[in-house]
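Asker: Coordinates for the following, if possible.
(one chain, ligands or ions: 3)
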Amino acid sequence: MIIAYKIIAGDINLNISSPFIFDVNETLKSMTLIKHVFKIFSVATLLLTTSVVAGDFLVDTTIYDTPNDYVYGGASRYGIDKMDVQWADNGLITVDVYTNFVNYNARTYAGGEKIVFGDLLISTAGTSDFDYAFSLSEGRNDKYKNHHWYKTKTWNNEGKLIEVDSTTTSDQYHNGSDNIGHGDVITAGDAVADGNWSVDNYGEWTGVTDKLSFSFNVTGIDAFQDASQLAFSWAMSCANDIIHGVVNVDRPQTNSIPEPTTFLLVLLALGLMAKRRHKKINHFSA
Ligand SMILES: [Ca+2]
Ligand SMILES: [Ca+2]
Ligand SMILES: [Ca+2]
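Answerer: Numbering: from 1, shown residues only. Ligands and ions are numbered 1, 2, ... in the order given. Okay, here's the model as predicted:
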């Protein structure tokens, strides 16, 4: 009597030429194979879990401003090009604003007030109803001129993520001056997290637009954790140019990880197969 059967992936054929002869080595091989299958499943599950979590961004988007949409003073002084928004899986949100205004911060006046960087306004509802803001708690009135032609000069400052109580418009801030744009530019409210902001002024010969970068961590802040869209708006205090836009929040797709029940069923099936094989083998050797 010849009994031949394949084990799972077909790597090993157990050929038993007689019901009364039974190869111990082959049995050990089959048990080893089952162990390997278990290992492969464990590793595969780990890899799937890792690929979903590590290095993913909930938001990784660029908002482009409309070209030449500044209202007064010229694009070379007030123009804003774009805003890069990233929300990493460690909770850190970074917003980079590219604007020519870096050279002109705190250098010119409107309505008797210096024209300076505004706060970054945020809506966790994805609307123009701003409920959070990144507030510049220091450095707003500093100058950020880079006198080098091709080297980058960088400044680092502290800021705070605040829950917005009120906003100041460009009109209010500059005492109703005629030659300014319109928009909410400065915020007031209670701090919910510390953060940082930096200024990169690229040398003129690099041809790169200067950058403001805001960063803050929103871990544990429900309004952000529940948000499906975020809206951002930024302008210098005179709002001669404003950039705003809405970004979608992509939550990790947890259903690409094997369901615990599916995984248990696979383990159970493998266990049963091993048990049945063991029984058969015992029967043959009896
Ligand atoms: Ca613009
Ligand atoms: Ca520059
Ligand atoms: Ca604009």
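
Asker: what bits of the stretch 1-150 of the chain have low per-residue confidence?
Answerer: 1-55 (pLDDT under 70).

Asker: Up against ligand 3, what does the stretch 151-286 of the chain have?
Answerer: By the rule C-beta under 5 Å from the ion, the part of the stretch 151-286 of the chain lying against ligand 3 is 241-242. For glycine as for every other residue, the C-beta is placed from the backbone atoms N, C-alpha and C.

Asker: can you pull out the strands in this structure?
Answerer: Secondary structure of the chain (DSSP state E): strands located at 3-6, 13-16, 57-64, 80-88, 92-99, 109-110, 113-114, 120-123, 132-135, 153-169, 184-201, 211-217, 229-235, 242-248.

Asker: Residue 273 is nearest to which of the ones you listed?
Answerer: strand 3-6 (11.2 Å; C-beta to C-beta).

Asker: Among the strands of the chain, which comes closest to residue 141?
Answerer: strand 113-114 (6.4 Å).

Asker: List the neighbouring strands of that closest one plus their orientation.
Answerer: Taking DSSP bridges as the criterion, strand 113-114 forms sheet pairs with strand 109-110 (antiparallel).

Asker: Would you check how far apart residue 226 and residue 124 are?
Answerer: Distance, residue 226 to residue 124, using C-beta to C-beta, to the nearest Å: 8 Å.

Asker: Who has more neighbours out of the two?
Answerer: It is residue 124, of residue 226 and residue 124, that has more neighbours when counted by other C-beta atoms under 10 Å, with 22 against 10.

Asker: give me the beta-bridge partners of residue 215?
Answerer: Listed by DSSP bridges, the beta-bridge partners for residue 215 are residue 94, residue 196.

Asker: just checking, it touches residue 92?
Answerer: Yes - using C-beta atoms under 8 Å, residue 215 is in contact with residue 92, at 6.1 Å.

Asker: between those two, which one's more packed in?
Answerer: Taking other C-beta under 10 Å, residue 215 and residue 92 do not tie; residue 215 has more neighbours (18 against 14).

Asker: Contact partners for that one?
Answerer: Residues near residue 215 by C-beta atoms under 8 Å, 6 or more residues apart in numbering: 92-95, 195-197.

Asker: Most neighbours of all these, which one?
Answerer: residue 197 leads these on contacts (other C-beta under 10 Å) with 26 neighbours.

Asker: So which of the contacts of residue 215 reach ligand 2?
Answerer: Answer for the contacts of residue 215 near ligand 2: none qualify (C-beta under 5 Å from the ion).

Asker: closest to ligand 2 among those residues?
Answerer: For those, the closest approach to ligand 2 (C-beta to the ion) belongs to residue 197, at 17.2 Å.

Asker: Can you tell me how far that closest one is from residue 128?
Answerer: Taken as C-beta to C-beta, the span from residue 197 to residue 128 is 22 Å.

Asker: is ligand 2 contacted by stretch 63-82?
Answerer: No - Stretch 63-82 does not reach ligand 2 (C-beta under 5 Å from the ion); its nearest approach is 10.8 Å.

Asker: circling back: columns distance to residue 176 on top of the strands of the chain, output as a markdown table?
Answerer: As requested, the strands of the chain are exported to a markdown table (distance: least, C-beta to C-beta, whole Å):
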| stretch | distance to residue 176 |
| --- | --- |
| strand 3-6 | 86 |
| strand 13-16 | 90 |
| strand 57-64 | 30 |
| strand 80-88 | 23 |
| strand 92-99 | 24 |
| strand 109-110 | 10 |
| strand 113-114 | 11 |
| strand 120-123 | 21 |
| strand 132-135 | 23 |
| strand 153-169 | 10 |
| strand 184-201 | 14 |
| strand 211-217 | 27 |
| strand 229-235 | 17 |
| strand 242-248 | 18 |
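
Asker: Of these, which is nearest residue 272?
Answerer: Nearest of those (C-beta to C-beta): strand 3-6, 15.5 Å.

Asker: about what we covered before: tell me the one of the contacts of residue 215 nearest residue 186?
Answerer: Nearest member of the contacts of residue 215 to residue 186, counting by C-beta to C-beta, is residue 197, at 14.3 Å.

Asker: ok, now how distant is the closest one from ligand 3?
Answerer: 20 Å (C-beta to the ion, to the nearest Å).
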